[in-house]
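**Q** quick one: sequence and predicted model below, then my questions.
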Amino acid sequence: MMSIVLVGFMGVGKTTIGELLSEKCNKSLVDIDSYIVNTMKLSIPEIFDKYGEQYFRDLETKALLEWIDKDVIISTGGGIVESTSTKRILNKTRHVFWLKCDIEVVFKRIQQDNNRPNANGKSLKELKALYSKRELSYNEIAFKQIDADRPIEVVANEIIESL
Ligand code: S3P
């Protein structure tokens with residue numbers, strides 16, 4: 001069995017959908033951000049401050065490699081497509097679901113979030129630019145695009161039905 005991977009921009013609900021899928025499919029959820037925070041014993045902003053973003057990206061790649069071939073649900077961070085090595089891994093993975101939601105909707109959720117260094121204090125224009133840069137990559141690795149702007153039950157069921 002291979003993993004089921006959720007990708008998409010910050011604030012789209014990857015962790016929440018992952019939790020529901022985990023219950024419904026009776027598989028463990030591996031949230032890459034939480035996994036990194038727990039192993040490093042540092043928050044994401046602390047890792048960014050202390051070691052820089054590239055270091056965080058390397059940790060993401062390592063974590064992904066550790067879990068990708070396991071029978072689990074993986075919820076990724078929005079920047080997982082920033083490194084070519086993770087993109088390569090995800091390109092070879094079958095069940096990668098791209099959760100999509102209107103950027104203006106997620107903007108309201110994430111702009112003031114001081115746990116997200118790549119969103120905190122950014123303008124809508126800046127976040128739109130980041131999103132359009134990443135959109136191509138999400139599209140490239142996705143097995144299926146899922147409209148995440150709906151009740152979580154509906155979103156989770158659509159994923160399960162397409163497995
Ligand atoms: C990031 C997204 C975050 C987290 C980190 C960097 C990004 O995950 O990995 O703050 O660059 O988009 P979420 O997508 O869960 O917010």
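**A** Received it, and whenever you're ready, just let me know what you need.

**Q** quick one: buried residues of the helix or strand of the chain with the lowest mean pLDDT?
**A** Least confident element among the helices and strands of the chain, by mean pLDDT, DSSP states H and E: helix 103-110 (a mean of 92). By neighbour count with 16 or more other CB atoms under 10 Å, helix 103-110 contains the buried residues Ile103, Val106, Phe107, Ile110. Any C-beta I mention is one placed from the backbone N, CA and C, and that applies to glycine too.

**Q** can you tell me the closest non-neighbouring residue to the second one?
**A** In space, not counting the residues next to it along the chain, Val106 is nearest to Gly11; the distance is 3.8 Å by CB to CB, 6 or more residues apart in numbering.

**Q** just checking, that neighbour touches Glu104?
**A** No. Using CB atoms under 8 Å, Gly11 makes no contact with Glu104, being 11.2 Å away.

**Q** pLDDT score for the residue in the chain that the ligand sits nearest to?
**A** Nearest residue of the chain to the ligand, counting by CB to the nearest ligand atom: Gly77, 2.3 Å away. At Gly77, the pLDDT value in this model is 98.

**Q** list the contacts for it?
**A** Met10, Ile32, Asp33, Glu60 (CB atoms under 8 Å, 6 or more residues apart in numbering).

**Q** any chance of those in CSV with secondary structure and pLDDT as columns?
**A** Converted to CSV, those look like this (DSSP: H, G, I helix; E, B strand; the rest coil; pLDDT from 0 to 100):
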residue, secondary structure, pLDDT
Met10, coil, 97
Ile32, helix, 98
Asp33, helix, 98
Glu60, helix, 98
